[in-house]
Every structure is written in structure tokens, then in C-alpha cells.
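Chemist: model the structure of this input:
(chains A and B)
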Amino acid sequence: MMVFQLADPPVDTPEVVWSALAPILALAIGAVVLIMFRSIVKRLPADVEASATAAIGPVTVLAMWFVGGFVGDDVPLSGVRDDIGEPLFYVGLIALLVVAAAFVRSMRIGFDAAVTVGVGLVAFVATVELWNDSFRSTALTADEVLAGITSSGGPVAAIGNQYGIDGFALVFTGVIALAVVLTALLLDNYLRREGIDGPEIYVLMMLSAAGGVVMAGANDLIVLFLGLETLSIAVYVMAAMHSRRSESLESGLKYFMLGAFSSAFLLYGMALIYGATGSLNLLEIRAYLDRVIILDNAMLLAGFALLLVGFGFKVAAVPFHSWTPDVYQGAPTPVVAFMASAVKAAGFAALVRVFYLAFLDYRDDWQPAIYALAVLTLVVGAVMAIVQRDAKRMLAYSSISHAGFILVGVQAATDRGVAAVVFYIAGYTFMVVGSFGVLSIVSGRGDRGTGLDDLDGLAARNPVLAFTLTLFLLGQAGVPLTSGFVAKFEVIGAAVDARSFWLAVVAMVSAVVSAFLYLRIVLSVYLGTAADDDREPIVVHPTAALAVGVALVLTIGFGVVPGPIDQLAGDAVLALVG
Amino acid sequence: MDVTTDWYLVLSAILFAIGAVGVLVRRNPLVMFMCIELMLNAVNITFVALGAELNDVGGQIAVFFVLVVAAVEVVVGLALVVAINRRRLGATADDVSVLRG
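Modeler: Below is the predicted model:
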């Protein structure tokens, strides 16, 4: 008789720091629990559903408190508790829970959307706690120093040397979590208007966001690839989610085809990097490149090129941008908001992480390629946007041109460049969510009203929405007192610092050209006269108003008081830990 | 004549190129899927060959992840094709062209 026996302990199991994984776990577990619950309980009676939805408010507050205490050094608000005494504190907490329930009820939000918003907020709180514990080193106040608080935890290796939390990854995690919250608020309004129900799109969005968070902190090319695919595959389905509109299905198929095509290039690049350096781990690749001068480095350079092609597709850099206008025009508008914010942020996080962190020694080889990509992306994005007749297509090209600005920061390949990239993404995310949020509200049933002609006379139909859209567009154009201005200033400053003067000139000219296209939309909003006035009135649901309002406050806030975000971007240092 | 690692790398480069050209020139979504699969499997050959050359198990492990991801992609892609066919848009990529500009 044969006896099979495992050699004991066959492999070293890596040490897992669960608290550092809290944002990913919150998003992934939230998604799985929601889909399981909804597949068991298809539909609740209306009054039970309303009560359950209202209960999500207090549950979210408690979950934020609990997760914050689990992740952070101390329970959140414990300072307040010590100041005002326990009885008063718990009375206040209960009052807060009641207020949360009343607030959720007053928003008339759907159950699935409420769960998604809650999960996004929990992930965001976990991110903030991780940040406060580990990375806020330069922003301690005098009181905190006296109290002996040191927040010098620094980067954490979460799963062996495969996944690490550093300041850079945490900022992107926070941005993605907030994008989930805002998109869920917009989706609630959209799905109700289009008569689509079911939790699938929220579940996919949470899973996609979990993939994006994995990408932002991956220290291994295979982990990065898995995160990228989790992110992308969920978004392909989200784009095709409005299955009664052929435009939506078409955009889903196009996105899928080109996304899978680009993944293959990315993967081939990873294989060649593996062949040239002998490892897929970013730490080991970096150590190898530090130690060894590769004389015959054709394989390494081909790997760089293929990786750039793959990332170029994901972040929509010219000449790999051809899918963007079609997909943005056809996909449901709130999904476009998610694609333009979270997906693009995760793509840039991975690009910067791999090239700036692992391949820094070879920057003379990859900088020129990114230089060329940046110039092409800036020029083509701005020029092609002008000739469009559809607002969504126009904003798609404008998002391509924004990718060009971010590439300007990447090209600098300095710490200042990375900080500029972080600032740009943090600001851009909220501008783009707000812009597409307003478009989603005004375009009406079936997303029909996204042509420029349909925006004519918007100011007469709804002055508040018209003014909000104007502010977002001015922000995207880079007008002072918005986050767009500071962001553009930072990336161009970083480019000048890195002595890429011509690139800075191209970026400034492109900013002027694209200002023209934003003003064109603003002109048609204010001066255009509507062709007919029998269009359905614009309905602004409170959830959508909340999402757009939050995005507007952040856009203007980052522009008027850029200091804290600047500080944050400066602290968001990349690190390899393992 | 020895079959060295270079032979495998050349083979996989040729397969990858055939797949990439196929995605660009063929119009049937199903054939385009197959071409993407061909590209991914070409990458798998690269990983295995390089793993054997480097005497490192990492290359072989990567192949498992790639296989799983490829299977997942096919599931989603075929579901999209089925959804489009239900809408009677036709199954060639040229018929799917409402969006242009």
C-alpha cells in the first residue's frame, strides 16, 4: 500500500498584517455579503425595505467606529470621550446614530446603494486610520508631540513581500473609496430612472474598487496583474450593464476587446522583465537592477515597452486611446464617472509604482518614451475634443488630455513629480465625477440628452445645475481657485524642475486649447436657446445632488486651500517593503 | 541540434504576433477572443521557458494565474456576445458600430 505524506512544513507562509488589508477586505467582503444577501432575499416588502435602508446609516457609523478601532492605534474619538466623560459621550453617539438613520431616510436612497456607500465609507475610514498611524509624520501638531504621539509607523509589508502599504498606495486607496461612494450615489438615481434593478452593478463596482486598491499597493507583478484584471473585468460588465441599450452593450464589448488585448501586452512585458531580471517581485527586480549592469538588455527594454503599451491602454494615453470616446459615450454615465476616476487612478498608481519604484535605475531608457506619450496625449486629447458634437465624447477626449498632464508628472521621475501626480489624481477624480454626475442628471431617460445641442439653454431650465457644471468645467480647464489650477501648476512645475522645458510648454499650450472646449460647453449652456421646450423636466434626486455637491465642495476646497492636500501629496511617498 | 530556450522564446513571439495581428484584422468577436487567448498562451510559453532557464518556480506559478484570468475573461466576453446577439445586432464587429465620431 502506498502512503502519501506531505513533507512537513513545505513552504514558508508569509506573515499577514490584517489591519493593513482592511480597505481591501471591507470592499471585497461588502460586495460578497451584498450579493449573497440579495440572492437569498430577492425583494423585501416596501416598508421593511425602507426600515432596513434607514438602519444602514447607524450600522455604517458603528462599522466605521469599529473598523477604525481595529485598524488604528486607538479607538476613534477616544480623545473626545475622555474630554466629555463616558455617559455624555455615549448619549452623543446614540444621538449620532439616530441622526444617521434619519438622514439616510430623508435621502430616499435604495438599499443596495446605501450598503455600497456604507462600505465605501468604512474603507475610507480604515484608510484614514492607517494613514494617521503611519504616514502623517510631518504633520504632527505641537499638542500631539507633547502627548507623545508618534506617527512614524512607516510603510507596512501586508502580505510578505507581495503587497505593501505605503503613503502613495494609501492616498490612492482613499481616492478610490471616495469614488465608490460618490458613484454609488449617482448610480442610485440613474438605475431608478432607467428602471434597472438588482445589486449586481454595485457589487461589481465594489469588487472593481478592491482590485484597484490591490493594484495601488502591489509589490509583485503577478499581484498587480490580478488586481488589474479584477478591476477591469468588473468594469467591462458595468459598461454593458444597461442591457436594453445597444450603445451600452457595444461599449462593453469594445472595452472588453481592447482591455483584454492590452492585458496580453502587459503580461508579455512582465514575462520579458522576468526573463531579464529573474524575478517578478518588484523588490527583487529593484535589487537586481541596482546590483547588476545588464550589458545586453534588449529583453529588458522590450519588457519596458510592452508594459508601457499595456498601461497606456489602461490610462488612455495616445496612441492607445481609441477605445475611450466610444466606451465613454456608450456606457451608463455614472459608470463613466467611475471609469474616469477610480480606474484611471489605479492605472496611474500601478504605472508610477512599477516604473518609478522598480525601474528607477533605468529611467534614461523609459523617460523618453513617456515624454513622447505625454506630448501625443496632450495634443491629440485637446485637439480632438474640440471637434466633437457630444458632451460625453468631448469629456472623454478631455479625460485623455488630463491623462497627458498626469504623464507630464510621471515623466519628471522625481519625488516632486510623484507628488504632483498624486495631487492631480486627487483633484481630478472629484472634478470628473462631478462633471459626469451633472451630465447624468441632465441627460434624462436613456441618456439621450448628451449632445451639445441638448445642453443649449440649460441655464434657463435649471440655473443651479448649469452653474455647477460651469464650475466643474472651469476646474477642468485649470482656472485659479479650483483644484484643476493647482494640479496643473504642480505637474508643470515638476516638469520644469526636471528640465523638460519643451514638455512644459506643450502642456501649457494644450491647457489653453482645452480651455476653449470647456468654454464652448459653458457658452451653449448659457447662451444657447433650446430647440423645443417639451422636453421632460430635469429631476434632481437628493442622492445625486449630494454626490455632485460633495464633489463641488472638494473641487473648490482643494483650489482655495491647497495646503493640506499638498502636504498629503508630499507625504505620499513610495516605498518598497518586504 | 539542441532546442535551446531561445527557440521557445522565438516560438512564443511568433504566436503572440499572430494573435495580435488576428485581433486587429479579424472582425468576428469569437475569433478575436481566440486570438487574445493565443496571445495569452504565447505569454505562458515565455513564462515556462524562462522559468526553466532560470531554474525558478515563479515562472510556472505565473502560468496558473494567467490561465485562471484567461478563463474569467472568456466567461465575461462570451456573456457580452450572447447579450449582443439577443439584441440582434449581429455577431460581427462591423455591425456593432452605433458609436462613432
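
Chemist: please count neighbours and contacts with C-alpha atoms only from this point.
Modeler: Will do.

Chemist: next, the residue nearest to A:A374 when sequence neighbours are not counted: secondary structure please.
Modeler: Of all residues not flanking A:A374 in the chain, A:G404 sits nearest, at 4.8 Å (C-alpha to C-alpha, 6 or more residues apart in numbering or on different chains). With DSSP: H, G, I helix; E, B strand; the rest coil as the basis, the three-state label of A:G404 is helix.

Chemist: ok, A:G404 - contacts?
Modeler: Going by C-alpha atoms under 8 Å, 6 or more residues apart in numbering or on different chains, A:G404 touches A:A317, A:L373, A:A374, A:V375, A:L376, A:T377, A:L378, A:G381.

Chemist: touching, the first one and A:T377? I think so.
Modeler: The reference is to A:A317. Yes: look at A:A317 against A:T377 with C-alpha atoms under 8 Å: they come within range, at 5.5 Å.

Chemist: sec struct for the residue in the stretch 301-450 of chain A positioned nearest to chain B, please.
Modeler: Per C-alpha to the nearest C-alpha, A:D326 is where the stretch 301-450 of chain A lies closest to chain B, at 5.7 Å. Three-state assignment for A:D326 (three-state DSSP): helix.

Chemist: burial count for it?
Modeler: Using other C-alpha atoms under 10 Å in any protein chain shown, A:D326 has 24 neighbouring residues.

Chemist: equivalent analysis for the one 4 residues further on, please.
Modeler: When neighbours are defined as other C-alpha under 10 Å, A:G330 has 25 of them.

Chemist: swap in A:L289?
Modeler: With other C-alpha under 10 Å as criterion, A:L289 counts 18.

Chemist: kindly report the same for A:G252.
Modeler: Residue neighbour count, defined by other C-alpha under 10 Å, stands at 29 for A:G252.

Chemist: got a list of what it touches?
Modeler: A:Y236, A:V237, A:M238, A:A239, A:A240, A:V327, A:A331, B:L80.

Chemist: and the first one, what's its pLDDT?
Modeler: Looking at A:Y236, its pLDDT is 95.

Chemist: could you do the last one as well?
Modeler: You'll see B:L80 listed with a pLDDT of 91.

Chemist: pretty sure it belongs to a strand, no?
Modeler: No: according to three-state DSSP, B:L80 belongs to no strand; its state is helix.

Chemist: burial of it, as a residue count?
Modeler: Counted with other C-alpha under 10 Å, residues neighbouring B:L80 total 22.

Chemist: that one touches A:L249, doesn't it?
Modeler: Yes: contact criterion C-alpha under 8 Å: B:L80 and A:L249 qualify, at 7.1 Å.

Chemist: so what sits against both of these two?
Modeler: Listed as contacting both B:L80 and A:L249 by C-alpha under 8 Å, 6+ apart are A:A240.

Chemist: show me where chain B dips below the pLDDT cut-off.
Modeler: Along chain B, segments meeting pLDDT under 70 span B:88-101.

Chemist: what about the helices in it?
Modeler: Counting by DSSP state H, chain B has helices at residues B:5-25, B:29-54, B:58-86.

Chemist: ok, which of the ones you listed comes nearest A:G164?
Modeler: With respect to A:G164, and counting by C-alpha to C-alpha, the nearest of these is helix B:58-86 at 19.4 Å.

Chemist: how about the closest one: buried residues?
Modeler: Buried positions in helix B:58-86, judged by neighbour count with 16 or more other C-alpha atoms under 10 Å in any protein chain shown: B:58-60, B:62-63, B:65-66, B:69-70, B:73-74, B:76-77, B:80-81, B:83-84.

Chemist: list the helices and strands that helix packs on?
Modeler: Helix B:58-86 is packed against helix A:221-239, helix A:246-277, helix B:29-54, with contacts defined by 3 or more C-alpha pairs under 8 Å, 6 or more residues apart in numbering or on different chains; DSSP states H and E.

Chemist: tilt between the shortest one and helix A:246-277?
Modeler: What separates the directions of helix A:221-239 and helix A:246-277 is an angle of 170 degrees, with axes from the mean of the first three to the mean of the last three C-alpha atoms, to 10 degrees.

Chemist: of all the helices and strands packed on helix B:58-86, which one is nearest A:G451?
Modeler: Closest approach to A:G451 among the helices and strands packed on helix B:58-86 is made by helix A:246-277 (14.5 Å; C-alpha to C-alpha).

Chemist: would you indicate which residues of the next helix or strand after that closest one are buried?
Modeler: On the C-terminal side of helix A:246-277, the closest following helix or strand by DSSP states H and E is helix A:282-291. Residues of helix A:282-291 classed as buried: A:L282, A:L283, A:E284, A:I285, A:R286, A:Y288, A:L289 (neighbour count, 16+ other C-alpha under 10 Å).
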